[in-house]
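J.: Below: sequence and its predicted model.
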Amino acid sequence: MQIENSVAFVTGGNRGIGEALVRAFVAAGAKRVYAAARVKESAAHLTAESPAQVIAIQLDVSDADSIARAAAECPDVTILVNNAGQFHNQTLLRAADLAFARSEMEVNYFGPLAMCRAFAPVLARSRPSAIANVLSAGAIVASPVMGGYSPSKFAARAMSACLRAELAEQETVVTALIVGSVDTRMAAHVKGAKERPETVAAAALAAIRRGVAEADTDPMAIEVRAALLREPEALARGMARLLKAAEIKTGR
């Protein structure tokens with residue numbers, strides 16, 4: 001998959017990993033990058049940086065009408081990056097009700113699924129094309145302290161595999177990006193070493209270029225996968241102990 005002269009659409013493109021992805025696509029020579037956010041104006045700084053390439057788009061991935069409008073407004077997309085995510089920092093049983101878990105599933109699973117469904121016909125016009133779903137280390141190992149977030153990312157990982165098979169005939173490659181702890185607002189509660197969003201964005205573009213099915217984007221993601229393969233039961237116990245930890249801290 002060529003990044004140069006591609007047309008990328010990045011959800012949650014106004015900050016964090018999404019912002020870094022928009023800039024990475026611009027630097028790699030993308031013809032156009034749609035930076036999508038619930039508040040369109042929050043991505044205006046990216047348009048100001050690269051007015052010839054970046055277009056800010058209003059998008060709420062939990063709203064079907066918003067998704068339909070985005071697909072209609074952006075008929076030239078060749079690479080879709082589902083990056084928008086939601087994390088409420090609640091556990092499954094301590095939360096007052098199911099509202100948090102439902103919200104995380106809506107944004108982290110149903111949202112990307114709806115985006116893939118809406119943009120599949122758009123992507124079919126370009127061969128090859130690509131979808132990259134920004135997931136989490138919590139998609140490969142269950143993290144009780146991450147409440148509804150980890151299960152929603154597990155679901156999104158399975159969705160990626162299913163869509164990969166469905167979209168193969170139209171030459172749309174689906175890549176699942178496994179991301180560790182990154183220095184963004186979502187991980188503000190985590191102490192210790194965190195990866196820079198730019199590092200994750202660079203790894204994401206490399207994975208899209210290669211057309212790989214799944215890619216670990218940073219050292220923490222690699223370490224989690226290695227521990228899962230080496231000592232899955234020990235890793236599960238470690239994740240469970242975090243429920244009683246005074247603070248969440250990375251191991252590096």
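T.: Yep, it's here. As the structure is a computational prediction, the values presented were derived from the model and not from experiment.

J.: Please pull out the lowest mean pLDDT helix or strand from this structure.
T.: strand 190-191 (a mean of 54; mean pLDDT, DSSP states H and E).

J.: list the buried ones in the next helix or strand after that strand?
T.: Using DSSP states H and E, the next helix or strand after strand 190-191 towards the C-terminus is helix 197-210. For helix 197-210, the neighbour count (16 or more other CB atoms under 10 Å) marks 197-205, 207-208 as buried. Where C-beta positions appear, they are placed from N, C-alpha and C, glycine not excepted.

J.: if we look at helix 197-210, which residues are touching it?
T.: Residues outside helix 197-210 that contact it (CB atoms under 8 Å, 6 or more residues apart in numbering): 1-3, 16-17, 19-21, 23-25, 28, 79, 81, 130, 132, 134, 173, 175, 177, 179, 182-184, 215-218.

J.: cool, stretch 211-224 as well?
T.: With CB under 8 Å, 6+ apart, stretch 211-224 has contacts from 1, 128, 130, 137, 140-141, 157, 160-161, 164, 173-182, 195, 199-200, 203-204, 206-207, 225, 235, 250-252.

J.: Now list the buried members of these.
T.: Counted by 16+ other CB under 10 Å, the contacts of stretch 211-224 give 1, 130, 137, 140-141, 157, 160, 164, 173-182, 195, 199-200, 203-204, 207, 225, 235, 250 as buried.

J.: if we can go back for a sec, among the contacts of stretch 211-224, which are located in strands?
T.: 130, 173-178 (DSSP state E).

J.: And the helices in the stretch 51-200 of the chain?
T.: Along the stretch 51-200 of the chain, the segments classed as helices by DSSP state H, counting those that start in this stretch run 64-73, 99-105, 111-123, 149-167, 197-210.

J.: Out of those, which is closest to residue 48?
T.: helix 197-210 (19.0 Å; CB to CB).
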